[in-house]
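Engineer: heads up, no residue letters with this:
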Ligand SMILES: Nc1nc2c(ncn2[C@@H]2O[C@H](COP(=O)(O)OP(=O)(O)O[C@H]3O[C@H](CO)[C@@H](O)[C@H](O)[C@@H]3O)[C@@H](O)[C@H]2O)c(=O)[nH]1
């Protein structure tokens, strides 16, 4: 089949591209006209896969640009991953966040409807649309109320509702995924677990004093590996019901502090670093706990997470070591999983 991935230079996009190419699909990546850089994905895309990928330029914020992209190639499905995905940034730039996340999705969906109505659309929404439901209600399933607590969640909720409404009111094959917390190789260091991993690598390398700047270590999340999330998206593209939302998430729930301690343990730094709360990393409005119920996706597709949290954390540490341009061996020799 022939697929388009928006957000090909983002976090999940390259992992999804790997998987789809390996499964024999034809894969195109959408690059933003102004600053799309194909090379950005080479850190997790091996040469043989990279050679198979094709790229198209386009700007989701412009409707005409979306229709041009969709008119050029006859896609069977679009994985719409492109977004302003950082909740703290959404407080600083709510208009930009809505422009990309809400209007960008409307442009894309409307372009599909008017040019290639048989094309399926996976809209990558988020667990953030549920906000912070009381933890005594148990794991969050898709029937929980939409109640975002930041502009990022609100922008995704708007697009999430729009996509499902369009599919319910028309014949369009549009559906929604709501991924819970995920991390792994390529995770940017502005996100919590990757921020901790990055600092650990710097400390091991002697570039940072043994002090880790942290935010809310008490926050609890069901955490998955990014490669498992990509596999769920691929499985859902083939089987999802139109107008339906699917939670996607890991097996286990951890506090951010527990994950930091695991990384300190495996790198031999436990007890040797100070964890110092940085007010800049403490969010004025935060979500204390989110536990995922992804049984709808699992029952439909048979998908389940395969990668252990220890493997995920080790690969994340290795990724940031390589990214820093350091010889991997010195740091990685400390990791027992290698
Ligand atoms: N360990 C640690 N945790 C921190 C730090 N700073 C903040 N936290 C806390 O860790 C939690 C998770 O934050 P992130 O992993 O940065 O991501 P997020 O804000 O939950 O958003 C991500 O996940 C969503 C899905 O659940 C995505 O939709 C979103 O795009 C993004 O990927 C939050 O409660 C945050 O306050 C830190 O330095 N270290």
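Structural biologist: Thanks, I have the structure now. These figures come from a predicted structure and were not determined experimentally.
Engineer: so who does residue 98 touch?
Structural biologist: For residue 98, the contact set (C-beta atoms under 8 Å, 6 or more residues apart in numbering) comprises 151, 154-155, 158. For every residue, glycine as well, the C-beta is placed using N, CA and C.
Engineer: which of those residues sits closest to the ligand?
Structural biologist: When those are compared for distance to the ligand (C-beta to the nearest ligand atom), residue 155 wins out at 10.7 Å.
Engineer: give me the element the closest one is part of.
Structural biologist: helix 151-169 (DSSP states H and E).
Engineer: got the residues of the stretch 1-150 of the chain near the ligand?
Structural biologist: Residues of the stretch 1-150 of the chain lying close to the ligand (C-beta under 6 Å from any ligand atom) are 85, 87, 126-128.
Engineer: buried set for the helix holding residue 155?
Structural biologist: 151-164, 166-167 (16 or more other C-beta atoms under 10 Å).
Engineer: ok, back up a step: the residues of the stretch 1-150 of the chain next to the ligand: which two are farthest apart?
Structural biologist: Pairwise distances among these were taken by C-beta to C-beta; the largest, 12.3 Å, belongs to 85 and 127.
Engineer: what stretches of the stretch 1-150 of the chain score poorly on pLDDT?
Structural biologist: 33-38 (pLDDT under 70).
Engineer: can you give me the helices in it?
Structural biologist: 13-22, 47-50, 63-72, 87-92, 94-98, 104-115 (DSSP state H, counting those that start in this stretch).
Engineer: nearest to residue 290, out of those?
Structural biologist: Closest to residue 290 of the helices of the stretch 1-150 of the chain is helix 87-92 (C-beta to C-beta; 12.2 Å).
Engineer: which non-adjacent residue is nearest whichever residue of the stretch 151-300 of the chain sits closest to the ligand?
Structural biologist: The ligand sits closest to residue 215 of the stretch 151-300 of the chain, with a gap of 2.3 Å, by C-beta to the nearest ligand atom. When the adjacent residues along the chain are set aside, residue 215 lies closest to residue 281, with 3.4 Å between them (C-beta to C-beta, 6 or more residues apart in numbering).
Engineer: and the one you found, how many neighbours?
Structural biologist: By the measure other C-beta atoms under 10 Å, the count of residues near residue 281 is 14.
Engineer: what's the neighbour count on the closest residue to residue 216 other than its chain neighbours?
Structural biologist: Distances taken as C-beta to C-beta, 6+ apart put residue 286 closest to residue 216, at 5.6 Å, once the chain neighbours are dropped. Neighbours of residue 286 under the rule other C-beta under 10 Å: 15.
Engineer: so residue 286 is in contact with residue 217, correct?
Structural biologist: No - applying C-beta atoms under 8 Å as the test, residue 286 and residue 217 come out as separate, 11.5 Å apart.
Engineer: got the residues of the stretch 201-338 of the chain near the ligand?
Structural biologist: Within reach of the ligand by C-beta under 6 Å from any ligand atom, the stretch 201-338 of the chain has these residues: 214-217, 219, 221, 256, 260, 281, 283, 286-287.
Engineer: repeat that for 8 Å
Structural biologist: 212-217, 219, 221, 256-257, 259-260, 278, 281-283, 286-288, 290 (C-beta under 8 Å from any ligand atom).
Engineer: now, those residues that are in helices?
Structural biologist: Where those overlap with helices, as defined by DSSP state H, the overlap consists of 256-257, 259-260.
Engineer: picking up where we left off before, tell me how far the residue of the stretch 151-300 of the chain closest to the ligand lies from residue 200.
Structural biologist: Residue 215 is 15 Å from residue 200, where distance means C-beta to C-beta, to the nearest Å.
Engineer: ok, which of the buried residues of helix 151-169 also contact the ligand?
Structural biologist: Residues of the buried residues of helix 151-169 in contact with the ligand (C-beta under 8 Å from any ligand atom): 152-153, 156.
Engineer: sorry, back to before: including pLDDT and distance to residue 111, could the contacts of residue 98 go into JSON lines?
Structural biologist: Formatted as JSON lines, the contacts of residue 98 follow (pLDDT from 0 to 100; distance: C-beta to C-beta, whole Å):
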{"residue": "151", "pLDDT": "97", "distance to residue 111": "25"}
{"residue": "154", "pLDDT": "98", "distance to residue 111": "23"}
{"residue": "155", "pLDDT": "98", "distance to residue 111": "19"}
{"residue": "158", "pLDDT": "98", "distance to residue 111": "18"}
